[in-house]
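Have a look at this fold, sequence not included:
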């Protein structure tokens, strides 16, 4: 029953990302679900859902973890590896759930690396970061929320060691990381909610297919209909040509 509720909550949150615990509880009660706020708070925390408002949310740093200021206010982002962002979302399964982390280029919207895990430990996030850095080199700035994975020593120490500045959203301000939130919305509507995966390997294969499609084929309005990978490689090629001319 909890898994069924989590899927209903996930779908409704995509439609109304401003719903907090109280509003989500009312919505479910109006739909005939016998739930209370305590239960919905626990499920939304488990799903890592953060309403769009200025109130404290479920994405809290672990006790003793350091947080960092938001660096992107007023910043003009105009090149591929100037800013990366990362986030974690919930993936419903037929008999359980998993978590997905993705590292995305802010300028191109290209997904640079991703990992799936059955826990919210920081390890799988650091693995995705390491893959992205190995393939593309370090970014100038990494932007995340204040979730415990991203305030962990393992995550922040890795960024410091590669010389990347750390930027974190204000509490409750998921719009500070809006591009990766849009990615989750598209992924869930176009892939996750069309399937009922039985195993982690099925989920991994499904996500892999969709992210490959998203990077290389899916047109984005922000890029005039061009897919993220096309924008990325065109920009890299243009930068290299300017360097040769200089």
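Sure, I can see it. Just so it is clear, the structure is predicted and the values come from calculations on it, not from any experiment.

Setting the sequence-adjacent residues aside, check what's closest to the residue nearest the centre of the chain.
Centroid check for the chain by Cα atoms, centre = their mean gives residue 87 as the closest residue, at 2.8 Å. Spatial nearest neighbour of residue 87, chain neighbours left out: residue 180 (4.5 Å); criterion: Cβ to Cβ, 6 or more residues apart in numbering. Every C-beta, even on glycine, is put in place using the N, C-alpha and C of the backbone.

Give the burial count for the one you found, as a bare number.
A total of 24 residues lie near residue 180 under the criterion other Cβ atoms under 10 Å.

For it, grab phi and psi.
With angles defined as degrees, to the nearest 10, residue 180 sits at phi -80, psi -20.

Compute the distance between it and residue 23, please.
From residue 180 across to residue 23, the span is 23 Å (Cβ to Cβ, to the nearest Å).

quick revisit: how far is the one helix or strand the residue nearest to the centre of the chain maps to from where the chain is centred?
In this structure, residue 87 is located in strand 83-92 according to DSSP states H and E. The chain centre lies 2 Å from the centre of strand 83-92; the measure is Cα atoms, centre = their mean, to the nearest Å.

How far away from the center of its chain is stretch 142-149?
10 Å.

oh, I was asking about stretch 86-95
Relative to the centre of its chain, stretch 86-95 is centred 10 Å away, using Cα atoms, centre = their mean.

what do you get for stretch 218-229?
Between the centre of stretch 218-229 and the centre of its chain there are 19 Å (Cα atoms, centre = their mean).

And the contacts of that stretch?
Identification of contacts with stretch 218-229 by Cβ atoms under 8 Å, 6 or more residues apart in numbering yields 105, 108-111, 186, 214-217, 230-231, 234.

Include neighbour count and secondary structure when you put those residues into a markdown table, please.
Listed next are the contacts of stretch 218-229 as a markdown table, based on neighbours: other Cβ atoms under 10 Å; DSSP: H, G, I helix; E, B strand; the rest coil:
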| residue | neighbour count | secondary structure |
| --- | --- | --- |
| 105 | 25 | strand |
| 108 | 27 | coil |
| 109 | 23 | coil |
| 110 | 24 | coil |
| 111 | 23 | strand |
| 186 | 14 | helix |
| 214 | 21 | helix |
| 215 | 18 | helix |
| 216 | 12 | helix |
| 217 | 11 | coil |
| 230 | 18 | helix |
| 231 | 20 | helix |
| 234 | 13 | helix |
